[in-house]
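In: sequence and predicted structure are below.
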Amino acid sequence: MQPISSFRITLIGLILLLPISMLSTIAFALDQPDKVLKIYQFPPDHIPQIDGDAADWADVPESYSIGTDQLHDDSGKHPHPDASTPDVHVKVAWVKGLNRLYFLYEATDNYWDFTDVGVAGDIFELVVDGDLSGGPLIPRFRNNPEQNEWDAHFTMHGVSAQNYHIFTPAEGKDWALAWGCQPWIKEMPYANHAARYNFKQGESGKFVMEFWITPFDYAACDGPEKSVESKLKENSLIGLSWAILDHDGLGGDHGFWNLSSQHQMFGIAHELRAFRLMPLESKYQPKGLVAQWSFNVVDMDRRLIAFQDKSSGKATNWRWDFGDGSTSSEQNPIHAYKAAGAYIVVLYVEGPDGKSRMSKIWDVNLR
């Protein structure tokens with residue numbers, strides 16, 4: 001197994017350190033950079049249940065819905081949607097603190113084709129690049145053409161960006177093909193899925209599917225132990241796109257609709273669309289001033305801790321009680337503890353919207 005190169009590690013580190021404004025510039029290398037799409041944020045108490053019922057998505061605004069009219073006809077057979085064109089609507093969501101992308105896929109078609117045991121049939125092809133690393137993700141587009149195709153398969157296929165062929169529906173076969181050497185990424189605890197439909201092979205009808213996947217900065221062929229999940233952060237950008245493959249039986253019309261205007265987005269990550277991980281909608285935002293904070297251990301040997309104010313609302317005054325008799329009026333102080341222990345730390349904030357406090361009991365543990 002080829003290890004992650006030091007260059008790649010450095011590149012990932014630099015991207016994570018860049019401000020959002022700089023990330024937007026990086027995204028211009030993606031397809032249609034002036035049209036950034038949105039990923040809805042579910043609050044923790046509204047996480048959709050994966051059961052194929054779209055009711056959990058009722059509060060997601062239509063501005064997040066991406067339909068067939070926003071896709072490109074890559075087949076050249078359907079320049080405009082018609083009666084034979086699948087009517088597709090996709091919504092994408094996330095939950096802060098979980099490195100998961102949630103999807104609601106709703107499609108109505110005049111002919112559903114799903115008896116083939118292989119890759120022929122109706123498919124929702126999804127590609128995700130969680131860290132905007134770009135570049136090829138399948139051997140066909142490898143940077144080193146002299147490399148053996150199977151060597152490339154086990155070193156780069158699906159490693160830095162992932163491609164899922166999702167079967168719509170999947171009867172008598174697995175729900176998706178993880179196109180690469182990492183079939184484990186489509187299984188729990190890295191993915192989940194459920195679908196609802198009542199049509200039979202060759203019939204028309206509506207297909208509804210809910211699923212979530214975990215994007216990876218590095219998805220190792222050796223398994224999850226050597227892999228790195230993409231860290232999803234509010235207001236950051238990811239690369240994402242999908243294609244609708246419509247198969248109407250032997251000799252039937254075959255369609256291919258792509259969210260990206262670049263046909264080869266299925267194997268080249270910098271041809272994906274830019275999606276932004278949105279903040280909570282205003283109705284879910286905390287009202288008034290609500291204190292919140294986090295911390296990082298800068299140096300355990302010196303017991304040096306960096307505290308960060310994460311309060312929502314407008315704060316003008318801060319008072320930190322570090323639990324050892326010391327206090328600070330800085331918004332984001334750095335504090336050195338003199339002795340080992342487990343401390344109760346309290347942040348008090350004040351502002352035009354009132355007062356608030358947040359204490360965390362023994363979260364700060366120092367040896």
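Out: Cool, the structure landed. Residues are numbered from 1 along each chain as shown.
In: dump the residue contacts of the spatially most central residue of the chain.
Out: The chain has L101 as the residue nearest its centroid, 4.0 Å off, counting by CA atoms, centre = their mean. Neighbour list for L101: 39, 92-94, 128, 212-215, 232, 240 [criterion: CB atoms under 8 Å, 6 or more residues apart in numbering]. Every residue, glycine included, has its C-beta placed from N, CA and C.
In: ok, C221 - contacts?
Out: 1, 154-155, 159, 180-182.
In: I meant to write S312 there.
Out: 285-286, 289-290, 292.
In: for it, name its beta-bridge partners.
Out: Assessed by DSSP bridges, S312 has beta-bridge partners V290.
In: low-confidence ranges, the stretch 1-150 of the chain, go.
Out: 1-29, 81 (pLDDT under 70).
In: 50 instead, please
Out: 1-28 (pLDDT under 50).
In: quick one, strands of it?
Out: Ranges of strands in the stretch 1-150 of the chain, per DSSP state E, counting those that start in this stretch, are 37-41, 66-67, 72-73, 87-94, 101-109, 123-129.
In: make TSV from these and add distance to C221 to it.
Out: Formatted as TSV, those follow (distance: least, CB to CB, whole Å):
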stretch	distance to C221
strand 37-41	28
strand 66-67	32
strand 72-73	32
strand 87-94	26
strand 101-109	22
strand 123-129	18
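In: between the contacts of L101, which is closest to E225?
Out: T214 (14.4 Å; CB to CB).
In: so which of the strands of the stretch 1-150 of the chain is the most surrounded?
Out: strand 123-129 (a mean of 24; mean count of other CB atoms under 10 Å).
In: and the residue nearest to K91 when sequence neighbours are not counted, how far is that from S326?
Out: Leaving aside its sequence neighbours, K91 sits nearest to L104 (CB to CB, 6 or more residues apart in numbering; 4.5 Å). Distance of L104 to S326, given as CB to CB, to the nearest Å: 50 Å.
In: repeat for S260
Out: Per CB to CB, S260 is found 54 Å from S326.
In: between those two, who's got more neighbours?
Out: S260 (24 against 13; other CB atoms under 10 Å).
In: how about the contacts made by that one?
Out: S260 makes contacts with 31-32, 72, 241, 271-273, as judged by CB under 8 Å, 6+ apart.
In: okay if I get the contacts of L101 as TSV plus distance to P145?
Out: What follows is the contacts of L101, written out as TSV (distance: CB to CB, whole Å):
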residue	distance to P145
I39	35
V92	34
A93	39
W94	37
V128	26
W212	36
I213	30
T214	31
P215	28
L232	34
L240	28
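In: show me the helices in the chain, by range?
Out: If you assign secondary structure with DSSP state H, the helices in the chain sit at 6-17, 20-27, 149-156.
In: and the gap between the residue of the chain most remote from its centre and V345?
Out: Distance from the centre of the chain peaks at G325, with 42.7 Å (CA atoms, centre = their mean). Going from G325 to V345 by CB to CB gives 12 Å.
In: ok, now R357?
Out: Distance from R357 to V345, by CB to CB: 11 Å.
In: show me what stretch 163-171 is in contact with.
Out: 105, 107, 112, 114-115, 119, 121-127, 137-138, 173-180, 186, 193, 195, 197, 207, 209, 211, 213, 266-267.
In: that one: which residues count as buried?
Out: 163-170 (16 or more other CB atoms under 10 Å).
In: widest-spaced pair of those?
Out: Spatial extent of the buried residues of stretch 163-171 (CB to CB) is set by the pair N163 and P169 at 19.5 Å.
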